[in-house]
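1. pasting a predicted model and its sequence here:
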Amino acid sequence: MKNKKNAGRGCHHAQQNNEQYRAGMFITLKEILSKYMDSLNEKLGFKRS
């Protein structure tokens with residue numbers, strides 16, 4: 001029974017890490033996209049307020 005509990009806990013821990021990783025990737029993509037949009041707007045002559 002102890003082994004099953006530990007395995008379950010390990011599984012849950014891995015799931016948490018995966019969620020954190022996905023959130024981090026999403027934030028990074030948003031930052032890249034916003035920087036890309038800023039440089040694109042500058043090239044086109046638009047300025048974001």
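-> Nice, I can see it.
2. all contacts plus neighbour counts: C-alpha atoms, from now on.
-> OK.
3. so where does Ser39 fall, helix or strand?
-> Using DSSP states H and E, Ser39 falls within helix 2-44.
4. let's verify Phe46: helix, strand, or coil?
-> With DSSP: H, G, I helix; E, B strand; the rest coil as the basis, Phe46 sits in coil.
5. run a quick neighbour tally on Asn41.
-> By the criterion of other C-alpha atoms under 10 Å, Asn41 has 13 neighbours.
6. state the pLDDT value of it.
-> Here the pLDDT value assigned to Asn41 is 89.
7. from Glu31, how far out is it?
-> Distance of Asn41 to Glu31, given as C-alpha to C-alpha, to the nearest Å: 15 Å.
8. low-confidence stretches in this protein?
-> Along the chain, segments meeting pLDDT under 70 span 1-13, 47-49.
9. go with 80
-> Along the chain, the model assigns pLDDT under 80 to residues 1-15, 46-49.
10. phi, psi of Ile45?
-> One thing to correct before we go on: residue 45 is Gly, not Ile. Phi and psi for Gly45, reported as degrees, to the nearest 10, are phi 90, psi 10.
11. ok, now how distant is Ala23 from Asn17?
-> Separation of Ala23 from Asn17 (C-alpha to C-alpha): 10 Å.
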